[in-house]
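Engineer: let me see the structure of the following:
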Amino acid sequence: MKFGEKVRKLRKEKGLTQSELAEELKITLRTVQNYESGAVHPKSRETYYRLADVFGVDSNYLMTEDEEIIRDAYEKGGSRSAADVEELIDGICGLFAGGSLPEEDMDAAMKAISDAYFSVKEENKKYAPKKYRQ
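Structural biologist: Residues are numbered from 1 along each chain as shown. Here you go, the predicted structure:
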C-alpha cells in the first residue's frame, strides 16, 4: 500500500476529516490532500513521527511501501526471495529509523546501496538468458 493510501485509510479509521488532521499536525489542508493523493511525501522524519502518533501506528509502517515489493519478489522467485527482500527492507528500515546516523550519512548509505544494486544488476546481465536481456 502506498503512503497516500495509508494516510487516507488511517485518517478515515480515526474518523478525522482532512482539515482536522491538518490542524492536529500543524500543517496545511493542501499538504494533507497532497499526501493522500500521493503527490508528495513528508520532507522530514518528524512529520512521519507525528503522523504515527496521531494514528497510533509505527512510523516505519508509514515510511515503507514494501508490501508490493515483497509480493512481487514472491511471484518472481518464491517464498525464499520474498523472505530475503523482507529481511533486507527490515534491516535498512532499522538502520535508518532506529540508528544514530546523521542525515548526510544516511544519504551516503542509501547511495551506496543503490550503486551496489545497479552494479550487480549490470554484472548479472551477462549471465541472463538472451530472451530476458533488454
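Engineer: gap between the helix or strand harbouring Met106 and the chain center?
Structural biologist: Secondary structure from DSSP states H and E places Met106 in helix 103-125. Helix 103-125 sits 17 Å away from the centroid of its parent chain (CA atoms, centre = their mean, to the nearest Å).
Engineer: report the longest helix in the protein, please.
Structural biologist: As assigned by DSSP state H, the longest helix anywhere in the chain is helix 66-98.
Engineer: so what's the residue count around His41?
Structural biologist: His41 has 16 neighbours, counted by other CB atoms under 10 Å. Every C-beta, even on glycine, is put in place using the N, C-alpha and C of the backbone.
Engineer: what's the answer for Ile113, then?
Structural biologist: 12.
Engineer: from what I see, it and Leu95 are in contact.
Structural biologist: No: look at Ile113 against Leu95 with CB atoms under 8 Å: they stay out of range, at 9.8 Å.
Engineer: show me what contacts the closest residue to Glu13 other than its chain neighbours?
Structural biologist: Using CB to CB, 6 or more residues apart in numbering and skipping residues adjacent in sequence, the residue nearest Glu13 is Phe55, 7.8 Å away. By CB atoms under 8 Å, 6 or more residues apart in numbering, Phe55 lies in contact with Leu10, Arg11, Glu13, Lys14, Leu62.
Engineer: how close does Phe55 get to Tyr61?
Structural biologist: Distance from Phe55 to Tyr61, counting by CB to CB, to the nearest Å: 9 Å.
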